[in-house]
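# quick one: sequence plus predicted model below, questions after.
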Amino acid sequence: MQDHRYSFEVEATPRELWELFWGSRQRVREHGPVRIEILHFGDANGEGLIRHCHFPVPRYLLSGGKAKSWEWVTEVRPHESWRYDAIGKPLWSCATGWTRFEDLGDGRTCVHFRETYHVFNPIMRFLLERRVHHFISKDNDKQIQSAVVRGLEAQRARGAEKRAQATG
């Protein structure tokens, strides 16, 4: 089993980050080569959300460099954390991920991300699990942090625009 952990600090409160991650009702989200389709939004907090993800994998898996996963979100604690469980292919596998916000005070938050990855077939696990997971997660850290920073900038710009319209 592979285990990847990553944390970064951002100038935002957990509440602002929660709104960024959970405030949108878009059915499709794209981040570079990753496409996430929301199949079911879950309850008001996002508990039970189901998504279908498309993402790149190594071409030697003979899938045209593309993979899919089906993910469901549980253990949602508003403004704090959530968990997802996933089944993926072409290298049939399961993954579990956790995202947690740690309030550092003064409008800063540390975002913690962890994912475990396990290939079902023991031979494929021995031969490919580490290499494929490294390929999948090598840019996740930069992509997640960059998406959060860009998303916060856009969210704040929209908020400033709404305030300007309300006063003016």
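On my side now, so go ahead.

# by contact count, what packs against the worst-scoring helix or strand of the chain on mean pLDDT?
The helix or strand of the chain with the poorest confidence is helix 140-167; it has a mean of 82 (mean pLDDT, DSSP states H and E). Secondary-structure packing of helix 140-167 (3 or more Cβ pairs under 8 Å, 6 or more residues apart in numbering; DSSP states H and E): strand 2-10, helix 14-22, strand 108-119. The C-beta positions use only the backbone N, C-alpha and C, and glycine is treated the same way.

# mind putting those into a markdown table with mean neighbour count?
What follows is the helices and strands packed on helix 140-167, written out as a markdown table (neighbours: other Cβ atoms under 10 Å):
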| stretch | mean neighbour count |
| --- | --- |
| strand 2-10 | 15 |
| helix 14-22 | 18 |
| strand 108-119 | 18 |
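
# just send the ones you listed back as TSV, with mean pLDDT and distance to Ala166 too.
Putting these into TSV (pLDDT from 0 to 100; distance: least, Cβ to Cβ, whole Å) gives the following:
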stretch	mean pLDDT	distance to Ala166
strand 2-10	94	27
helix 14-22	92	18
strand 108-119	96	27
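
# just so I know, which of these lies nearest Ala147?
helix 14-22 (9.0 Å; Cβ to Cβ).

# that closest one vs strand 108-119, what angle?
40 degrees (axes from the mean of the first three to the mean of the last three Cα atoms, to 10 degrees).

# contacts for helix 14-22, please.
For helix 14-22, contacts defined as Cβ atoms under 8 Å, 6 or more residues apart in numbering pick out 10, 12, 45-46, 78-80, 99, 101, 103, 109, 111, 148, 151-152, 155.

# could you check the angle that helix makes with helix 140-167?
Using the same axes, to 10 degrees: helix 14-22 against helix 140-167 is 100 degrees.

# Three-state assignment for His134, please.
Assigned with DSSP: H, G, I helix; E, B strand; the rest coil, His134 falls in the helix class.

# just the buried ones from the contacts of helix 14-22, in PyMOL syntax?
Selecting the buried subset of the contacts of helix 14-22 in PyMOL, with 16 or more other Cβ atoms under 10 Å as the burial test, is done by:
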select buried, resi 10+12+46+79+99+101+109+111+148+151+152+155
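
# determine which two of the contacts of helix 14-22 are furthest apart.
Val10 and Asn45 (21.7 Å).

# and the contacts of helix 14-22, which is closest to Gln26?
Gly151 (12.0 Å).

# now do the closest one against Asp43, distance only.
As defined by Cβ to Cβ, to the nearest Å, Gly151 lies at a distance of 23 Å from Asp43.
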